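*Asks:* Provided below are the primary sequence and the corresponding predicted coordinates.
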Amino acid sequence: MAKTSKKDLGGLTLLGSGRKGKARPKRQLETFPNHSNRKYVVQLDTDEFTCLCPATGQPDFAKIRISYIPNKKIVESKSLKLYLWSFRNTGCFHEHLTNTILDDLVAALDPVWCKVEGDFNVRGGISIKVTAEHGSNI
């Protein structure tokens with residue numbers, strides 16, 4: 001097993017930043033090296049996602065599920081949390097938002113495959129679920 005080394009932590013600036021009140025929403029995804037050669041799926045879920053309706057400014061709530069097969073990089077979860085938090089005051093249609101998250105993950109990770117699912121709460125009697133996918137889930 002390849003252990004996590006201090007070198008792996010070198011580019012991580014957000015991990016541990018919450019201890020002194022420095023944790024703030026940030027549109028920055030940090031990564032660390034993938035030490036495995038096998039194909040495996042990483043799944044990240046949150047049911048605390050919020051953004052704003054672009055027309056009314058009212059809050060929208062969603063469950064976000066991110067699944068991906070890493071290539072050379074893995075997303076660091078604290079940076080992902082702060083990244084998702086950065087949408088809290090952003091007005092954006094659900095379809096655009098889900099695709100933006102996918103595009104940003106693909107840019108940061110260059111994964112073999114990635115899927116982002118946004119399951120938005122009911123508003124006006126209609127729920128919206130958006131699934132955006134990149135690559136091949138071999």
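*Replies:* Arrived safely.

*Asks:* Tell me which helix or strand the most centrally placed residue in the chain sits in.
*Replies:* By CA atoms, centre = their mean, the chain has its centre lying nearest to residue 80, at 5.0 Å. Using DSSP states H and E, residue 80 falls within helix 77-85.

*Asks:* Measure how far that helix is from the centre of its chain, please.
*Replies:* 7 Å (CA atoms, centre = their mean, to the nearest Å).

*Asks:* Which strands and helices lie in contact with it?
*Replies:* When contacts are defined as 3 or more CB pairs under 8 Å, 6 or more residues apart in numbering; DSSP states H and E, helix 77-85 packs onto strand 42-52. (Each C-beta comes from the backbone N, C-alpha and C, glycine too.)

*Asks:* okay, the angle between the strand it packs on and helix 77-85?
*Replies:* Between strand 42-52 and helix 77-85, the angle comes out at 30 degrees (axes from the mean of the first three to the mean of the last three CA atoms, to 10 degrees).
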